[in-house]
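Visitor: starting from these lines, generate the structure:
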Amino acid sequence: MRYELFLAHRFFRSRKRTGFVSLITWISVGGVAVGVASLIIALSIMNGLTKELTARILGTNAALVLLRFDREDFPRADSVAAAVADLPGVVGVAPFVHGEGGLVIGSRFRGVFVRGVNLAQARTVTTIADHVDPPVESLDTVPGELPRIILGRDLAARVRLSVGDEILLANPVLKVSVMGLMPRYAKFKVAGIFNSGLYEYDSNLTFISLNEAKKFFRIDDGATGIEIKVDDPLRVNEYKDTVLRTLGGYPYRINTWIDLNRNLFVYMRIEKFVLGLILLLIVLIAAFNIVGALVMVVMEKKRDIGILKSMGATDSEILRLFMSAGAEIGLLGIAVGTAFGLAGTFFLSRHRISIPNDVYFLDTVPIRLQALDVVVVCAVVFLVCWLATLYPAWKAARLDPVEAIRNP
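Guide: Numbering: from 1, shown residues only. Predicted coordinates:
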């Protein structure tokens with residue numbers, strides 16, 4: 001061991017140091033530890049939020065949605081879907097009908113989004129059918145029975161409907177009748193309640209069969225669009241170009257799941273960055289404490305520094321000595337903070353904290369610990385602590401040995 005490191009450790013552990021200097025030192029260690037632990041836990045929450053939100057969005061929406069520029073409906077949707085399904089990387093395709101409607105419950109009216117799907121095809125592109133209670137194999141109408149409808153969990157709770165209840169679904173597009181302009185109505189029976197885990201969908205979305213949706217929205221032979229699932233959702237732009245090139249471009253257009261949620265993910269990246277900067281202020285405060293602690297150590301050890309320099313210690317060796325002392329404070333704080341941070345993420349992952357899902361997208365706090373985040377946090381904090389040692393170490397190295405011994 002180099003003697004600078006040995007002396008730095010002795011300075012740090014010295015029992016002769018004043019209580020105030022020791023207090024400042026341990027406050028510095030605590031500040032670094034709190035900053036590191038807070039950063040690790042906060043970044044783990046942000047990572048978990050991003051992963052969970054991505055999984056739930058892709059579970060409710062397909063990676064690609066094929067539409068048309070020139071009209072609202074999509075003629076010959078089945079033949080186009082068959083052509084897209086043969087492309088490399090395409091896992092599943094499902095034509096769908098999407099529109100606005102309203103649930104009529106007595107004198108109440110609740111606006112909703114209505115999506116018509118073939119449940120067997122929908123299972124190849126989303127996981128929404130896997131979260132229906134009770135499980136529903138098909139939405140196709142059984143002769144002699146009412147058409148089936150699936151409601152979101154929060155929507156069903158809001159309108160006080162349960163499985164087996166009958167409901168009127170209104171089409172806001174008016175039709176001409178002897179009574180004047182009237183909305184179209186259709187009666188449905190609640191077949192199941194789905195829970196996607198995203199309040200935005202669970203409170204506004206309903207599912208009916210594709211054929212019933214075509215009749216309800218007066219679409220003869222076609223669909224609103226085609227949902228496409230691919231094997232790598234992060235490469236949707238490549239698949240988007242491939243699909244459009246295969247179909248010949250215009251009048252076809254494609255919305256990707258990233259395009260539809262771009263603002264949300266940009267916001268989350270900015271929030272993660274800003275949150276990291278704010279929590280880094282805790283570390284900066286601890287760094288100022290390190291500066292104060294080392295300056296006081298320099299004042300306390302002024303005579304010892306003079307003796308070392310008179311014995312042949314160079315300015316660079318004195319510089320390294322005090323930088324090593326400051327680095328030891330930083331490393332101890334980083335070690336303690338990392339331990340508490342990892343323990344905190346483990347606790348939060350085992351004991352999920354509930355949050356109001358009508359305010360946030362999710363109903364529990366998600367956690368996802370990434371090793372790279374821990375390494376980056378430790379490296380940045382150590383760099384800050386190391387920079388904090390430069391001034392007091394430089395001050396110690398510039399001491400005149402004669403003056404230091406004469407006037408300790």
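
Visitor: what about Thr364, distance to Arg350?
Guide: 12 Å (C-beta to C-beta, to the nearest Å). Quick note: C-beta positions are derived from backbone N, CA and C, even for glycine.

Visitor: make that Val384, sorry
Guide: Distance from Val384 to Arg350, by C-beta to C-beta: 31 Å.

Visitor: more crowded one of those two?
Guide: Val384 (18 against 8; other C-beta atoms under 10 Å).

Visitor: doesn't that one lie inside a helix?
Guide: Yes. Remark: Val384 belongs to a helix, assigned using DSSP: H, G, I helix; E, B strand; the rest coil.

Visitor: surely it and Leu284 touch.
Guide: Yes. Assessed by C-beta atoms under 8 Å, Val384 is found in contact with Leu284 at 6.6 Å.

Visitor: for the residue nearest the centre of the chain, what is the enclosing helix or strand?
Guide: Most central in the chain under C-alpha atoms, centre = their mean is Thr50, positioned 1.8 Å from the mean C-alpha point. Secondary structure from DSSP states H and E places Thr50 in helix 19-60.

Visitor: ok, the closest residue to Val117 other than its chain neighbours - contacts?
Guide: Nearest in space to Val117, with sequence neighbours left out and distances taken as C-beta to C-beta, 6 or more residues apart in numbering, is Phe96 at 5.2 Å. Taking C-beta atoms under 8 Å, 6 or more residues apart in numbering, we find Phe96 in contact with 115-117, 122, 210, 223-227.

Visitor: check the secondary structure at Phe96 for me.
Guide: Going by three-state DSSP: Phe96 is strand.

Visitor: how about Leu139?
Guide: Assigned by three-state DSSP, the conformation of Leu139 is coil.

Visitor: and it, how many residues sit next to it?
Guide: 26.

Visitor: so it sits right up against Ala213, yeah?
Guide: No. At 9.5 Å, Leu139 does not count as touching Ala213 under the criterion of C-beta under 8 Å.

Visitor: which residues does the residue nearest to Val32 when sequence neighbours are not counted contact?
Guide: Using C-beta to C-beta, 6+ apart and skipping the chain neighbours, the partner closest in space to Val32 is Gly333 (2.6 Å). Residues in contact with Gly333 (C-beta under 8 Å, 6+ apart) are 28-33, 35-36, 286, 381, 385.

Visitor: Gly333: what secondary structure?
Guide: helix.

Visitor: and it, how far from Phe346?
Guide: Distance from Gly333 to Phe346, by C-beta to C-beta: 20 Å.

Visitor: give me the nearest residue to Ala94, chain neighbours excluded.
Guide: Gln121 is the one closest to Ala94 (C-beta to C-beta, 6+ apart), at 3.8 Å.

Visitor: quick one, what contacts that neighbour?
Guide: Gln121 makes contact with 92-95, according to C-beta under 8 Å, 6+ apart.

Visitor: list the buried residues of the strand or helix carrying it.
Guide: Using DSSP H and E, Gln121 maps to helix 119-122. Going by neighbour count (16 or more other C-beta atoms under 10 Å), the buried part of helix 119-122 is 119, 121-122.

Visitor: and of those, the nearest to Ala327?
Guide: Ala122 (58.2 Å; C-beta to C-beta).

Visitor: which non-adjacent residue is nearest the closest one?
Guide: Ala94 (5.1 Å).

Visitor: pLDDT at that neighbour, what is it?
Guide: For Ala94, the pLDDT comes out at 92.

Visitor: beta partners for it?
Guide: Assessed by DSSP bridges, Ala94 has beta-bridge partners Glu227.

Visitor: what about it, how many neighbours?
Guide: Residues near Ala94, counting by other C-beta under 10 Å: 25.

Visitor: what of the one 4 residues further on?
Guide: The tally of other residues near His98 (other C-beta under 10 Å) stands at 19.

Visitor: what of Gly192?
Guide: 19.

Visitor: and the helix or strand where it lies, which residues are buried?
Guide: According to DSSP H and E, Gly192 maps onto strand 180-194. Within strand 180-194, the residues scored as buried using 16+ other C-beta under 10 Å are 184, 186, 188, 190-194.
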